[in-house]
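J.: Sequence plus the predicted model coming up.
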Amino acid sequence: LKEWPLERVRVELRHEQGPDGLVIDRRIELVGDLDEAQRERLLAIAGRCPLHRALTGPVEVRSALA
């Protein structure tokens, strides 16, 4: 990945309430001379990031007063 010609990444999120809960649309803009295989690989990596996994899996929220 370090040798790939990726110049910039821009992520845009939009959310709305759907009939079954919150829906988040994520649009990822990859700037650089990447081939389709590289673009698909980066999309797959984005799907495994910690935030994505937290939002798509069971979530436990703990609250405490400071």
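T.: Cool, the structure landed.
J.: where does this protein have low pLDDT?
T.: Scanning the chain for pLDDT under 70 picks out the ranges 1.
J.: which residue ends up closest to the midpoint of it in space?
T.: Ala46 (4.6 Å; C-alpha atoms, centre = their mean).
J.: Wait, it touches Ile28, no?
T.: Yes: counting by C-beta atoms under 8 Å, Ala46 does reach Ile28; the two are 6.0 Å apart. Just so you know, the C-beta spots here come from the backbone N, C-alpha and C atoms, and that holds for glycine as well.
J.: which stretches of this protein form strands?
T.: Secondary structure of the chain by DSSP state E: the strands cover 6-18, 21-32.
J.: can you tell me which residues contact Val31?
T.: Leu6, Glu7, Arg8, Val9, Arg10 (C-beta atoms under 8 Å, 6 or more residues apart in numbering).
J.: rewinding a little: so can I have JSON lines of the strands of the chain showing distance to Pro58?
T.: JSON lines is the format used below for the strands of the chain (distance: least, C-beta to C-beta, whole Å):
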{"stretch": "strand 6-18", "distance to Pro58": "19"}
{"stretch": "strand 21-32", "distance to Pro58": "13"}
